[in-house]
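Chemist: build me a structure from this.
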Amino acid sequence: MRLDKFLKVSRIIKRRTVSKEISESSRVKVNGKMAKPSTKLKIGDIIEIEFGRSILVVQVKDLKDHVLKDDSTMLYEIIEEKRKEEVFID
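Modeler: Down below sits the predicted model:
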């Protein structure tokens, strides 16, 4: 499954166009490498997404083309949520 579709189906990002834009702007990594919206995902892949000042790290648990809203969190497991370190130069 494509990265942009997974982010939408799993409801990590609400709209596919937004997930595509985030991926194109180098804010998403899959298994430690910058990912494009068309990157093919496999079960077990680690996705790291930058949201403003925070970073969400999830592991792909399942790949389905369509799930109900209540079941969307079963597609991934949150590994880590962290704040981006801000660098201040004096």
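Chemist: could you report the neighbour count for the closest residue to Arg16 other than its chain neighbours?
Modeler: Ranked by C-beta to C-beta, 6 or more residues apart in numbering and with sequence neighbours excluded, the top spatial neighbour of Arg16 is Lys8, at 4.2 Å. (Glycine included, C-beta is placed from N, CA and C.) Lys8 is flanked by 19 other residues according to other C-beta atoms under 10 Å.
Chemist: which elements pack onto the biggest helix by length in the chain?
Modeler: Longest helix in the chain by number of residues (criterion: DSSP state H): helix 16-24. If you count contacts as 3 or more C-beta pairs under 8 Å, 6 or more residues apart in numbering; DSSP states H and E, helix 16-24 packs onto helix 3-9.
Chemist: pLDDT of the longest helix of the chain, averaged?
Modeler: Across helix 16-24, the average pLDDT comes to 90.
Chemist: try stretch 39-53
Modeler: 93.
Chemist: in that stretch, which residues are buried?
Modeler: Using 16 or more other C-beta atoms under 10 Å as the test for burial, stretch 39-53 gives Thr39, Leu41, Asp45, Ile47, Glu48, Ile49.
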